[in-house]
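Colleague: Below are the sequence and a predicted model for it; my questions follow.
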Amino acid sequence: MRGIQSSGMDRDHDSAKDNTSDDQRAVEAALVSAGEALDTAEVAEATGLSYNRTSKALETIVEASKTREGALEVVKQENKYTLRPR
């Protein structure tokens, strides 16, 4: 599940800079690319983000999906996350 990491950046390092939207974009890209439900560790592996940053991004995306308009939403089912049509 490699290949979504951005080049030249140490994405696993938690810095003082707010990378929330970058993290969310990376996580959404991983879910789209996977085509199946993934758990937090699988998303972290696919993005190169730390487990904690991945977990925060996933929870933020799930909450935003509840109110965001669009054809797709990110949902948590048991311990896995998936992108699905509304």
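Modeller: Now that the structure is in, tell me what you want to look at.
Colleague: Where is the longest helix in this structure?
Modeller: In the chain, taking DSSP state H as the definition, the longest helix is helix 51-67.
Colleague: what packs against the helix or strand that it is followed by?
Modeller: The element immediately downstream of helix 51-67 (helix or strand, assigned by DSSP states H and E) is strand 72-77. When contacts are defined as 3 or more CB pairs under 8 Å, 6 or more residues apart in numbering; DSSP states H and E, strand 72-77 packs onto helix 51-67, strand 80-85. All C-beta atoms are positioned from the backbone trio N, CA, C, and that covers glycine.
Colleague: one more time with 6 Å, if that's ok
Modeller: The contact analysis (3 or more CB pairs under 6 Å, 6 or more residues apart in numbering; DSSP states H and E) places strand 72-77 against helix 51-67.
Colleague: Let's check: the centremost residue of the protein is which one?
Modeller: Val27 (2.1 Å; CA atoms, centre = their mean).
Colleague: Leaving out sequence neighbours, find the closest residue to it.
Modeller: Closest residue to Val27 apart from its sequence neighbours, by CB to CB, 6 or more residues apart in numbering: Ala57 at 4.4 Å.
Colleague: wait, isn't that neighbour in contact with Asp22?
Modeller: No. Ala57 lies out of contact with Asp22 (CB atoms under 6 Å); the separation is 9.1 Å.
Colleague: out of those two, which sits in the busier spot?
Modeller: Ala57 (26 against 16; other CB atoms under 10 Å).
Colleague: which residues does the more buried one contact?
Modeller: Residues counted as contacts of Ala57 (CB atoms under 6 Å, 6 or more residues apart in numbering) are 23-24, 27.
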